[in-house]
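A.B. asks: sequence and predicted structure, then a few things I'm wondering about:
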Amino acid sequence: MRILFEPLAIGAARSLVVRNRFVRSATHDFMGNVDGSLSDREFDLYRTLAVHEVGLIITGHAYVLHPEGRVRPGQNAIYDNSFIEGYRKLAGIVHEYGSKLVLQINHAGRQVDILTKEDVWTPVAPSPVTNRVTGITPREMTEGEILQWIEAYAAAMARAKAAGCDGVQLHIAHGYGLSQFISPHTNRRRDMWGGSLENRTRILREIMSRGRRLVGDDFPVLAKLNTTDGFAGPEYLTLEDAVATARILESCGVDAIEVSGGMKEAGDVMSRKDINSQEQEAYFSGAARAIKAAVSIPVILVGGLRSLSVMESLVTGGVADMVSLCRPLIREPDLISRFRNGQAKSACRSCNACFNPGGIQCPYK
Ligand SMILES: Cc1cc2nc3c(=O)[nH]c(=O)nc-3n(C[C@H](O)[C@H](O)[C@H](O)COP(=O)(O)O)c2cc1C
């Protein structure tokens, strides 16, 4: 357990010193104001996590382009400078209690959850591949729109820095915009943005290049990376391509990689249900091991971590440098303090009832 409470420094200048190895994985909380700004409920939620010693808190995904980038109403936004002030306040709250704040940035692409009556646009994506959950076929992006995404991500990185966040995380997972580029299932383009892995990752390299020019070399940039779409077969993302993508991310200046997987159409691959034994925990540990062997930047593992002893063995065994939790911190926002005081395991039942449109909450609390 001791190693989990030891600090870790992230970033080229090792400027992001996290007090322990516990990460709150990005969690959309369904509590944002309708205009995308942070609500008082959200300030309270993050305060509680910081008070209870979560070392690194990653925000829920904030969307970088309005309106097409939004997954659903009530999602937090970072598409223009008016949102900086809210994140400045949030960073201040988190810092007051010794935690660090990383802003996760995202574009929905084809994976738009709800199109309301006001949503008159057609989702855009690398290729017009019908979403089997929503039935929506996105419009194929023009090259101009790809360049617009690159600018939008870079600008969001700069806003995170301006707000005093400790870093930013590119969301390249769970079937959202950037992961749609790296998966051959959703990216069937024949131009320089599709085809080979080199081409499918071009947008990531361009975002890093443009973003680094705005934030400099020392501002920590993390990535949450899909290691599977959640479907087997050569038409989907392979672990081999994910490992190669991790290498590419490291070489273009990403400072840490959080290992995840899944997309909406694959069901509960991202947040697996019914984790009732230690053997069922850490369901992306094989992928993390492969990525850890390929890169020298810190690797963060998420997905089904419930027992302190499992988390410890992942870090001491060199599978990951940090452990990341989502549902356990919805069930017990004070879990890290509880761990330090002797609790051995999260009480989370992995039932996924916490996905609550009225605001995340655990029905068993
Ligand atoms: C309510 C809820 C909201 C989530 N929102 C996000 C998000 O905004 N960004 C993200 O990368 N992952 C999101 N996830 C996925 C989690 O960060 C995490 O990868 C997944 O739940 C597995 O970890 P766990 O077993 O600790 O819950 C969300 C999961 C849940 C349950």
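C.D. replies: Thanks, I have the structure now.

A.B. asks: pLDDT score assigned to residue 122?
C.D. replies: We have a pLDDT of 87 for residue 122.

A.B. asks: identify the residues contacting the nearest residue to it once chain neighbours are set aside.
C.D. replies: In this structure, residue 122 finds its nearest non-sequential neighbour in residue 139, 4.9 Å apart by C-beta to C-beta, 6 or more residues apart in numbering. Where C-beta positions appear, they are placed from N, C-alpha and C, glycine not excepted. Contact partners of residue 139, counting by C-beta atoms under 8 Å, 6 or more residues apart in numbering, are 122-125, 128.

A.B. asks: could the residues you listed go into CSV alongside secondary structure, distance to the ligand and neighbour count?
C.D. replies: What follows is those, written out as CSV (DSSP: H, G, I helix; E, B strand; the rest coil; distance: C-beta to the nearest ligand atom, whole Å; neighbours: other C-beta atoms under 10 Å):
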residue, secondary structure, distance to the ligand, neighbour count
122, coil, 23, 15
123, coil, 18, 22
124, strand, 20, 25
125, strand, 18, 27
128, coil, 25, 16
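
A.B. asks: for those residues, which one is nearest residue 231?
C.D. replies: Comparing the contacts of residue 139 against residue 231 with C-beta to C-beta places residue 125 closest, at 17.1 Å.

A.B. asks: in this structure residue 217 contacts residue 254, no?
C.D. replies: No. Proximity of residue 217 to residue 254 does not meet the contact threshold set by C-beta atoms under 8 Å, at 11.9 Å.

A.B. asks: look at the two and report which has more neighbours.
C.D. replies: Using other C-beta atoms under 10 Å as the criterion, residue 217 and residue 254 rank with residue 254 on top: 22 against 11.

A.B. asks: so is the helix or strand where residue 169 lies next to the ligand?
C.D. replies: In this assignment (DSSP states H and E), residue 169 forms part of strand 167-172. Yes. Using C-beta under 6 Å from any ligand atom, we find that strand 167-172 touches the ligand at residue 171.

A.B. asks: how far off centre is the next helix or strand after that strand?
C.D. replies: Sequence-wise, the next helix or strand beyond strand 167-172 is helix 177-182, with elements assigned using DSSP H and E. Distance of helix 177-182 from the chain centroid (C-alpha atoms, centre = their mean, to the nearest Å) equals 13 Å.

A.B. asks: for stretch 267-278, same thing?
C.D. replies: Offset of stretch 267-278 from its chain centre (C-alpha atoms, centre = their mean): 18 Å.

A.B. asks: which residues are contacting that stretch?
C.D. replies: By C-beta under 8 Å, 6+ apart, the residues outside stretch 267-278 that reach it are 173-174, 228, 230, 260-263, 280-281, 283, 303-304, 306-307, 309-310, 326-327, 348-352.

A.B. asks: restricted to helices, list those.
C.D. replies: In helices, defined here by DSSP state H, the members of the contacts of stretch 267-278 are 309-310, 327.

A.B. asks: check those one by one and keep those near the ligand.
C.D. replies: Restricting the ones in helices among the contacts of stretch 267-278 to those within reach of the ligand (C-beta under 6 Å from any ligand atom) leaves residue 327.

A.B. asks: ok, of the ones in helices among the contacts of stretch 267-278, which one's closest to residue 41?
C.D. replies: The shortest separation between residue 41 and any of the ones in helices among the contacts of stretch 267-278 is 18.4 Å, and it belongs to residue 327 (by C-beta to C-beta).

A.B. asks: can you give me every residue that contacts that closest one?
C.D. replies: With contact set as C-beta under 8 Å, 6+ apart, residue 327 has these partners: 271, 348, 350, 352, 354, 362.

A.B. asks: do that again at 10 Å, thanks
C.D. replies: Contact analysis of residue 327 by C-beta atoms under 10 Å, 6 or more residues apart in numbering lists 25, 27, 271, 273, 275, 304-306, 346, 348-355, 360, 362.

A.B. asks: thanks a lot, see you next time.
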